Every structure is written in structure tokens, then in C-alpha cells.
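K.L.:
Just need the structure, nothing else, for what follows:
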Amino acid sequence: MSIHAYLGMMAIEDEIREIEEEIKKTPYNKATQHHIGKLKAKLSRLRDEAVKRASKKSHHGGYSVKKTGDATVVLVGPPSVGKSTLLNQFTNAVSEVAPYDFTTLDVIPGAMEIYGAKIQLLDVPGLIEGASMGKGRGKEVISVVRSADMILLLTTVFEVERLYAIEEELYNAGIRLNLQPPDVRIVKRDRGGIRINRTPNVTLDDDVIKAVLEEYKIHNADIILREDVTIDRLIDAILSNRRYIPSLRIINKMDLISSDELLKLKKIPNSVLISAKTGAGLKELEERIFTGLGFMRIYMKPPGKKADMQNPLIVKAGATVADVAEKIHRDFKKNFRYAQVWGRSAKHEGQRIGLSHRLSDEDILRIVS
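P.N.:
Numbering: from 1, shown residues only. From the prediction side, this is the model:
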């Protein structure tokens with residue numbers, strides 16, 4: 001990395017810190033909304049620029065992991081919190097375990113099965129502060145995390161606060177945990193200025209919206225807001241490069257603290273307490289992974305035979321008969337005549353249904369083509 005590039009990176013990081021401090025000390029109210037909007041837009045732009053520069057300065061080739069199975073789940077956390085032990089408990093992988101930092105220096109893949117769903121579980125090197133700007137091979141690790149279908153944030157009962165630092169690093173890298181994309185549509189135009197259409201629940205001021213758009217050099221556009229967005233959510237909608245990924249907070253080493261301390265930790269939202277060493281809590285974790293991925297099981301019944309209750313077809317919650325038919329083979333949908341369903345989505349056993357019928361978890365389905 002040249003001295004000019006290094007100084008440029010340092011200048012960006014200094015500017016980021018200055019803006020962060022100014023936002024912290026500025027009270028948020030109607031009078032300051034416009035100023036904070038411009039600051040947050042500039043901050044987001046600088047963070048993205050820092051990430052891009054970190055990518056260019058990295059001499060590593062990155063991690064290449066081929067996705068397999070029904071979903072890919074990534075174990076993320078600081079060094080030495082038990083990611084490798086958990087991977088070894090859950091899968092057929094062998095990830096080195098040692099009581100010192102940075103034991104895992106590469107991505108270790110393993111395969112696990114939950115209720116018939118085949119899941120690829122990845123153990124990545126520990127994330128450290130500044131990872132979103134490329135520190136500690138952070139850029140390579142985050143590139144793997146961005147491609148995940150679910151993230152397991154792992155820490156121990158002794159360092160729970162580190163979870164929040166990791167979440168902040170992921171946020172700064174454009175990863176949004178347990179959120180849906182903002183319901184905002186932006187259509188850029190050649191002329192006409194900024195035209196804002198909103199639903200009655202939107203409270204963000206027009207001047208603030210225009211100031212944020214101006215920071216990204218958007219001067220002519222139609223913007224439609226159907227959600228009461230914050231300034232941060234508006235920026236995410238403008239950039240449209242964010243990744244929205246479900247996640248769980250996993251708190252390891254529950255076997256090393258008292259029952260009173262456990263009760264306190266159980267109050268942490270979206271968390272599961274486990275002991276990767278003893279296996280305690282792993283069954284609950286499996287169930288939370290399955291539901292968090294939005295999976296459901298469909299048992300297929302071939303004509304004239306019993307349903308195969310051992311090998312379910314894994315589909316996303318809300319799937320229709322058309323989705324199932326297409327997953328089996330496109331000819332099933334093309335030559336579809338009708339289907340029959342048994343289970344929670346059926347009005348009666350063996351109900352005759354069409355392609356648009358929405359299925360439920362553990363339905364039994366017969367397709368006639």
C-alpha cells in the first residue's frame with residue numbers, strides 16, 4: 001500500500017470519527033433533523049468509501065466457499081468464544097480447537113441436517129474491531145458473511161457485550177440483521193426535481209429527505225415512501241446495496257455460571273444459551289435455526305403409495321403448490337393437472353387443490369400431472 005493511499009485511508013477514518021462524535025453530541029429534534037440527516041448521509045458515504053479502499057489494499061485473495069444444501073449459516077464472533085467447538089458438535093467438520101485467539105485462520109465448512117433440511121455451516125476467523133474497514137482480514141470474512149442465509153452471532157457468558165460490537169461492525173459493513181428492506185421506491189429522472197409521495201404514517205420532513213438525497217447527488221427523482229422510515233433506513237433505500245439477513249445471538253459456556261446469572265442472560269432478546277462443550281441448549285438452537293431460516297417440510301405422496309415421511313422436501317414458508325412442483329422438476333408444473341393435500345392447510349383430508357394453494361409445515365402433498 002502506497003504512502004498516499006495509507007494517508008487517504010487515515011483521513012477518511014478521522015473524518016468518520018469526527019462525524020460520529022458530532023452526531024452523538026447533537027440532540028435529535030425537529031430543529032436538528034435536517035443537519036443530522038446530512039451528517040448521517042455523509043457518514044454512510046464515507047464508510048462505504050473506506051470499505052472499498054480496504055478491499056483494494058488487501059493482498060489476500062479472499063475466501064472461496066461454494067454454497068451447498070438448502071441454506072448456508074455462518075458462525076460469527078470474536079476470537080476464542082467456541083465457534084470451532086460448536087461446528088464440531090453440529091457437523092462432520094474438524095475445526096481446530098485451542099485456548100488462544102485466531103485458531104481458525106481459514107473458513108471451515110461443515111454439513112448438518114435439521115428436520116430434513118441440509119444446512120452448510122461455516123466457521124470463519126474471529127471478527128475484531130475495525131473489521132468492516134478491513135482490519136484482521138475483516139473484509140474477507142465479511143464477504144463470506146454477506147452471502148449467508150443466516151448468521152449465528154456467538155460469544156460467551158463472560159463477554160456478552162462483545163456481541164454488540166460485532167453487530168456494529170456488521171452494520172457498518174452494510175449487513176442488516178433481522179430487518180426487512182425499507183418500503184421505499186426511488187425512480188431517478190432527468191429533470192423535474194424531487195417529487196415525494198408518502199403514506200400518512202410517514203413523519204420524516206420533506207427538507208430532510210431532499211437533503212439526504214442531495215448528499216448522494218440525486219436532484220431529480222420520484223420517491224415513494226410507504227413506511228415511516230428513519231434517516232438511516234432512507235439512506236439504506238438510496239444505496240440499495242444492503243444485505244438483510246436473519247440472525248441469532250448464541251451465548252456459549254452456560255455451564256460455567258450460576259442459575260441466577262443464567263436467568264439474567266435469558267432476558268437478552270433473540271438469544272439462545274448453550275454449552276458447545278456439553279451439548280446443552282443445542283436442540284433448542286437447531287429448532288431456532290430451522291424456523292429462523294423460514295423453512296417448512298412437505299412430505300410427498302406418490303400416486304398409489306404412502307407418503308414418504310422420512311425425506312421431506314424443504315421449501316420456504318408460504319410456498320405454494322407451484323413452488324413445490326417447480327422445485328421437483330419444471331415439467332411437474334408444466335404438465336400439472338391437480339394436487340391433493342393433507343394437513344394444516346387443507347380444509348378436509350385429501351382436499352383437491354390447484355397451483356396457487358399455499359401450503360403449511362408438514363403438509364402431505366400429492367401432485368397429479
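K.L.:
and residue 108, what are its phi and psi?
P.N.:
Backbone torsions for residue 108, taken as degrees, to the nearest 10, come to phi -110, psi 110.
K.L.:
pLDDT at it, what is it?
P.N.:
Note on residue 108: pLDDT of 85.
K.L.:
where does it sit relative to residue 274, distance-wise?
P.N.:
According to C-beta to C-beta, to the nearest Å, residue 108 stands 19 Å off from residue 274. In this view, the C-beta of every residue, glycine as well, is placed from N, C-alpha and C.
K.L.:
same question, residue 26
P.N.:
Distance from residue 26 to residue 274, by C-beta to C-beta: 41 Å.
K.L.:
The two: which has the busier surroundings?
P.N.:
Each of residue 26 and residue 274 had its neighbours counted (other C-beta atoms under 10 Å), and the higher figure belongs to residue 274 (24 against 12).
K.L.:
For stretch 234-249, measure first residue to last.
P.N.:
26 Å (C-alpha to C-alpha, to the nearest Å).
K.L.:
What's the mean pLDDT across that stretch?
P.N.:
pLDDT averaged over stretch 234-249 gives 95.
K.L.:
now do stretch 294-313
P.N.:
Stretch 294-313 shows a mean pLDDT of 93 in the predicted model.
K.L.:
Give the buried residues for that stretch.
P.N.:
Under the neighbour-count criterion of 16 or more other C-beta atoms under 10 Å, stretch 294-313 has 295, 296, 297, 298, 299, 300, 301, 307, 312, 313 buried.
K.L.:
Residues contacting it, please?
P.N.:
70-71, 115-117, 246, 314-317, 319, 324, 327-328, 340, 342, 359-368 (C-beta atoms under 8 Å, 6 or more residues apart in numbering).
K.L.:
In helices only, show me these.
P.N.:
Within the contacts of stretch 294-313, residues falling in helices by DSSP state H are 324, 327, 328.
K.L.:
Just the helices from the stretch 201-350 of the chain, written as ranges.
P.N.:
206-215, 231-239, 259-265, 282-292, 321-328, 330-334 (DSSP state H, counting those that start in this stretch).
K.L.:
The third one - contacts with which helices or strands?
P.N.:
Here helix 259-265 touches strand 271-273, going by 3 or more C-beta pairs under 8 Å, 6 or more residues apart in numbering; DSSP states H and E.
K.L.:
State the distance from the most centrally placed residue in the chain to residue 175.
P.N.:
In the chain, the C-alpha nearest the mean C-alpha coordinate belongs to residue 245, at 1.5 Å (C-alpha atoms, centre = their mean). Residue 245 is 6 Å from residue 175, where distance means C-beta to C-beta.
K.L.:
hey, what's in contact with both of those two?
P.N.:
When C-beta under 8 Å, 6+ apart defines a contact, the residues bordering residue 245 and residue 175 alike are 145, 146, 151.
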